[in-house]
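In: I would like to see how this sequence folds:
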Amino acid sequence: QVYPHKDMRALAKILQKSGKYNKRLVITDHIFSMDGDIAPIDEILKLAKANNKITLLGGVHASLMPEQCIKEDFIDYVSVGEGEITLPGFLAFFQDKSIAPVGIMGRDVKYVPAGKLDVVNFVCPITDKTLRLFELANQTNDIMFPSSRGCPYSCGFCVNSTDKVKKYRTLDLKLWARWLDVLLSHMQIKWLQIGDDYLGSEWRILEVGKILKERNIKWHPSFRADNFKQHGPELARKLSELGVKDIAMGVETGNARLMKFINKDETKEDILHAAKCLSENSKIRPRYYFVIGFPTETLEERNETLAFADQLYQIHNGNCNIPIYNFTPFPGITLYAVSVSLGMRVPQRMAEWANFTVSNSGTKEMQNLYHIAGFHFHQQPGSKTDINFPGMRRWLIKPFEKLCDLRWRLRYFKHFTFEKFMIEFLLKYFRA
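Out: Numbers count the residues shown, from 1 in each chain. This is a model prediction of the structure:
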């Protein structure tokens with residue numbers, strides 16, 4: 001059964017009706033990447049325990065901090081690693097208690113670390129039981145169909161830099177295309193979220209694009225700026241010919257010292273080169289992701305990053321999106337230990353981690369900057385603001401857009417409480 005998004009009352013009713021079953025699994029993402037929502041994991045698990053169900057927590061957070069998670073009274077077991085390895089053994093364990101499941105931490109099992117899944121053992125995710133999930137995702141153009149796992153880079157702010165997660169594996173694209181055709185035999189797909197952390201080389205990116213164009217599917221790829229190093233203008237033209245309308249690119253910072261500090265393995269010049277290639281040789285609209293508040297970052301370095309965001313915006317004449325997030329020292333990443341050494345208070349319970357997000361970490365001023373930059377850089381036709389307040393409704397939010405523009409130019413991000421309250425009020429009651 002599928003319960004509505006984050007609807008705890010609906011989940012409670014389903015669990016209450018399942019009393020005759022001793023073993024039921026509640027499956028959810030922790031962080032919904034498409035919109036940034038965070039699942040109320042502690043509430044979900046407490047509901048399951050209240051209905052005498054066994055609880056198993058998995059995912060990135062569980063894999064990085066299993067010892068802390070298992071201390072919670074409402075968690076019976078923690079899955080550490082990839083579910084294809086851990087779940088079969090976990091289910092077999094309940095049939096035969098003599099079986100020692102790998103990658104499972106619990107009070108009545110001896111923990112045996114799980115390895116990483118080899119690419120030859122990847123299985124097609126499409127079955128009679130999973131089709132309904134793909135159909136639901138397709139209704140909102142949110143089908144995730146990755147062609148790889150992990151990332152070969154080790155950026156200090158990313159979970160892919162940790163030993164428990166890091167291992168880059170790519171599917172053979174002919175196999176990936178066959179799996180995609182299986183899905184297409186059941187439904188029409190107009191838009192696909194690839195979902196790869198790192199799509200691969202220039203050749204692999206173009207091959208994925210060709211596969212999707214042949215099937216008349218739109219997509220939203222993610223790139224590194226150094227993908228454009230060798231054949232930048234030609235790559236931009238080819239992507240445009242393949243129907244790519246927008247791409248995502250992690251910039252992170254505009255300061256050279258911080259680039260090295262976070263182990264980005266790119267330079268400011270690489271990013272400028274990629275931006276000019278896209279601007280001059282295609283109609284592709286990029287989305288440049290920035291991060292502020294890295295450990296040791298100075299105010300001068302932060303302002304250099306904000307100026308770099310302005311520079312990229314000007315290169316595209318405003319035809320780009322620029323989200324600016326606050327650095328969040330998630331457990332296990334390289335910069336987590338640095339943050340702790342500088343005095344960061346580490347959440348001790350899951351309820352505390354639930355509020356530990358990219359928009360509300362950092363100081364109040366940095367949180368304000370996240371919202372102000374969002375309005376300043378997202379005023380074009382088709383932007384989120386334009387979608388939320390179409391037509392005449394736009395005049396409701398226009399005064400606050402102009403105030404955010406002024407704040408951005410003055411680099412003044414304090415005392416934003418009233419404006420934020422009014423913006424949230426308008427979003428709640430007057431958005432389309």
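
In: quick one: low-confidence ranges for the protein?
Out: Filtered on pLDDT under 70, the chain yields the residue ranges 19-23, 27-39, 120, 163-166, 354-362.

In: all the strands of the stretch 51-200 of the chain, residue numbers only.
Out: In the stretch 51-200 of the chain, the segments counted as strands under DSSP state E, counting those that start in this stretch are 56-57, 77-79, 104-106, 148-149, 169-170, 191-192.

In: save those as TSV, and put in distance to residue 205 too.
Out: From N, CA and C alone the C-beta is placed, and that goes for glycine too. Conversion of the strands of the stretch 51-200 of the chain to TSV gives the following (distance: least, CB to CB, whole Å):
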stretch	distance to residue 205
strand 56-57	35
strand 77-79	32
strand 104-106	37
strand 148-149	11
strand 169-170	12
strand 191-192	14
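
In: the ones you listed into JSON lines, with extra columns for mean neighbour count and distance to residue 262?
Out: Written out in JSON lines, the entries for the strands of the stretch 51-200 of the chain read as follows (neighbours: other CB atoms under 10 Å; distance: least, CB to CB, whole Å):
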{"stretch": "strand 56-57", "mean neighbour count": "24", "distance to residue 262": "29"}
{"stretch": "strand 77-79", "mean neighbour count": "25", "distance to residue 262": "29"}
{"stretch": "strand 104-106", "mean neighbour count": "22", "distance to residue 262": "31"}
{"stretch": "strand 148-149", "mean neighbour count": "22", "distance to residue 262": "22"}
{"stretch": "strand 169-170", "mean neighbour count": "16", "distance to residue 262": "24"}
{"stretch": "strand 191-192", "mean neighbour count": "18", "distance to residue 262": "30"}
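
In: of the ones you listed, which is nearest residue 265?
Out: Among the strands of the stretch 51-200 of the chain, strand 148-149 comes nearest to residue 265, with 18.1 Å by CB to CB.

In: what's that closest one in contact with?
Out: Strand 148-149 is touched from outside by 117, 167, 168, 169, 170, 171, 196, 197, 198, 199, 200, with contacts defined as CB atoms under 8 Å, 6 or more residues apart in numbering.

In: strands of the stretch 301-432 of the chain, start to end?
Out: Taking DSSP E, counting those that start in this stretch as the test, the strands found in the stretch 301-432 of the chain are 324-326.

In: report the contact partners of residue 76.
Out: Neighbouring residues of residue 76 by CB under 8 Å, 6+ apart: 54, 55, 56, 106, 107.

In: same check, this time on residue 423
Out: When contacts are counted by CB under 8 Å, 6+ apart, residue 423 is found next to 371, 375, 397, 400.

In: any figure for the gap between it and residue 401?
Out: As judged by CB to CB, to the nearest Å, residue 423 and residue 401 stand 10 Å apart.

In: ok, residue 60 next?
Out: To residue 401, residue 60 is 35 Å away according to CB to CB.
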